[in-house]
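Chemist: Prediction below, plus the sequence it came from.
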Number of protein chains: 2
Amino acid sequence: MPEPTTRERMISTAVTLFRREGYTATSWRHLVEQAGTPWGSAYHHFPGGKEQLAVAAIELATVTTSATITRAFERNDTIAEAVRWWFTKAAQALADGDYRAGCPLATIALETVNDSEVLTQACKTAFTTWQNELENHLREHGHPAPEGLAAAIMHNMEGALLMARVHNSPEPLTRAAGHIAILAAHTMMRRLP
Amino acid sequence: MPEPTTRERMISTAVTLFRREGYTATSWRHLVEQAGTPWGSAYHHFPGGKEQLAVAAIELATVTTSATITRAFERNDTIAEAVRWWFTKAAQALADGDYRAGCPLATIALETVNDSEVLTQACKTAFTTWQNELENHLREHGHPAPEGLAAAIMHNMEGALLMARVHNSPEPLTRAAGHIAILAAHTMMRRLP
C-alpha cells in the first residue's frame, strides 16, 4: 500500500479526532499537529480550514461505511444476518477504541446542524447515501418495504451506538440487531411505515 | 408560577444552549450572560463552573423527559399509542425550535463520553432513568419483554431525533413510532432480545 499523502493523512486524522472529541473541541492546530502536516502546507491543502477538512472527513466516512454495508450484504445470506454482521462490527470497533469513537458523523451533525450550512449538507448527503445503499440491498433481497426498513436500520444503528458509548457496552448494538431481525421478518409480508 | 430563581434560570438556559449549540461550543461566559446572572454570583451558584452546571442541566432534562414519558402512558391506552404520542411531541418540539434543539443529552454525551467522568456518569444515570421509566410502564401494560422493548424505544427515539434534525423533518420520528408499534405488537406474544 502506498504511503498516504499529506492530504489523506489530514483527512483520516480528522475522522479520528472528530469522532472521539467532537468538531468544536478539535482545533485546527491540533488537527495539523496530529496529522504531522508541515504548518505551511495545511492551508494549501484545505484553504477553507477546519470546515473544509470536515467536509472531506465526512466524505471519507461516507465511502468507508458504504463499503462496510456492501460487505455486510455480500458476506451474508439474509437481511437479518447482514444487519447483525454490520452491528457486531460496529460494536467491535467501538470496543477497540475504548468506547470513544462512535459514529463518525453523529457528533459533528449534532454540533453543527443549522449552524454550518456546508457541514449540515455534507451530513445530510452522507446519511442519505447510507440509507440508499441499505435500500438497494433490501430491494435486492426482495423486501417489500426497503425504504422503511432502511430507515429503521439507520435509527437503530445511530441510537444504539449512542447508548453503547454511554454505557461502555456492546449490548445495545446486539439488541438493536435482534430488533431489526424481527422487523425484517415481520414486514417481509406487509408494508412498513 | 413564582419567578424562577437565578439558579433555575441558569440551569434552564444551560439545557437550551447545550442542546442547540453543544457543550464545547457553549462558553461559561455565554451561559452566564444569556441567563442574565450577575457575574459575581455565577460561581456562587456553581462553584464547579460549566461542568457542574451541565450536571444540573442533565438532571433537569432527566426529570422533564421522565414526566413526558409518564404523561404519554397516562393519556394513552396502548403502548403503541403512548409511544406515538411521545414521538409526535418530540417531533413538534423539534419543529418549534427550527430543528436546532434535539435530545437535551445526546450532544453532551457524544462530546464528553470518557473525557469527563462526571458528565458521562450524569448521562448514564439519565438514560438509565428513562429506560427504567419506560420498562415500568411496559410492565404495567403486561408486556412480556419490557427491557428489550424499552431499549428499542430509546434507540429509535435517539436515532430518529438525529435523523429528524439532519433532515429538518418530522418524518423519521413518525416512522420510528410506527416501527415500535410493530415490534410491540409482534413481541406481545414472544420474547424480545
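Modeler: Now that the structure is in, tell me what you want to look at.

Chemist: Can you tell me the element the residue of chain A positioned farthest from its centre falls in?
Modeler: Of all residues in chain A, residue A:40 sits farthest from the chain's C-alpha centroid, using C-alpha atoms, centre = their mean; the distance is 31.0 Å. Element membership of residue A:40, judged by DSSP states H and E, is helix A:39-45.

Chemist: Report the distance from that helix to the chain centre.
Modeler: Mean C-alpha position of helix A:39-45 versus that of the full chain (C-alpha atoms, centre = their mean, to the nearest Å) differs by 27 Å.

Chemist: can you pull the buried residues of it?
Modeler: A:42, A:45 (16 or more other C-beta atoms under 10 Å in any protein chain shown). Glycine gets a C-beta too; all of them are placed from N, C-alpha and C.

Chemist: quick one: contacts of that helix?
Modeler: Outside helix A:39-45, the residues within contact range by C-beta atoms under 8 Å, 6 or more residues apart in numbering or on different chains are A:6, A:7, A:10, A:28, A:32, A:37, A:49.

Chemist: Out of those residues, the closest to chain B would be?
Modeler: Using C-beta to the nearest C-beta, residue A:28 comes nearest to chain B of the contacts of helix A:39-45, at 14.4 Å.

Chemist: How about the contacts made by that closest one?
Modeler: By C-beta under 8 Å, 6+ apart, the residues touching residue A:28 are A:42, A:49, A:50, A:53.

Chemist: and if we set it to 6 Å?
Modeler: Residue A:28 is in contact with A:49, A:50, counting by C-beta atoms under 6 Å, 6 or more residues apart in numbering or on different chains.

Chemist: Pull up the gap between it and residue A:46, please.
Modeler: To residue A:46, residue A:28 is 9 Å away according to C-beta to C-beta, to the nearest Å.

Chemist: any chance you could map the helices in chain A?
Modeler: A:6-21, A:28-35, A:39-45, A:49-75, A:79-96, A:106-112, A:117-140, A:146-167, A:171-186 (DSSP state H).

Chemist: okay, those helices in JSON lines with distance to residue B:138 next?
Modeler: Formatted as JSON lines, the helices of chain A follow (distance: least, C-beta to C-beta, whole Å):
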{"stretch": "helix A:6-21", "distance to residue B:138": "33"}
{"stretch": "helix A:28-35", "distance to residue B:138": "45"}
{"stretch": "helix A:39-45", "distance to residue B:138": "52"}
{"stretch": "helix A:49-75", "distance to residue B:138": "31"}
{"stretch": "helix A:79-96", "distance to residue B:138": "23"}
{"stretch": "helix A:106-112", "distance to residue B:138": "27"}
{"stretch": "helix A:117-140", "distance to residue B:138": "28"}
{"stretch": "helix A:146-167", "distance to residue B:138": "17"}
{"stretch": "helix A:171-186", "distance to residue B:138": "14"}
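
Chemist: The ones you listed: which one's closest to residue B:147?
Modeler: Ranking the helices of chain A by their distance to residue B:147 (criterion: C-beta to C-beta) puts helix A:171-186 first, at 9.1 Å.

Chemist: That closest one - what's its average pLDDT?
Modeler: Helix A:171-186 comes out with an average pLDDT of 95.

Chemist: any weak-confidence spans in chain A?
Modeler: Residues of chain A meeting the criterion pLDDT under 70: A:1, A:188-193.

Chemist: Would you tell me which residues of it are close to chain B?
Modeler: Contact residues, chain A versus chain B (C-beta under 6 Å from any C-beta of the partner chain): A:22, A:24-25, A:100, A:106-107, A:109-111, A:113-114, A:123-124, A:127, A:151-152, A:155-156, A:158-160, A:162, A:165-166, A:175-176, A:178-179, A:182, A:186, A:193.

Chemist: Tell me which residues are up against stretch A:122-135.
Modeler: For stretch A:122-135, the external contacting residues (C-beta under 6 Å, 6+ apart) are A:55, A:58, A:62, A:65-66, A:69, A:105, A:109, A:146-147, A:150, A:153-154, B:166.

Chemist: Can you give me the buried ones in that stretch?
Modeler: For stretch A:122-135, by 16+ other C-beta under 10 Å, it's A:122, A:123, A:124, A:126, A:127, A:129, A:130, A:131, A:133, A:134, A:135.
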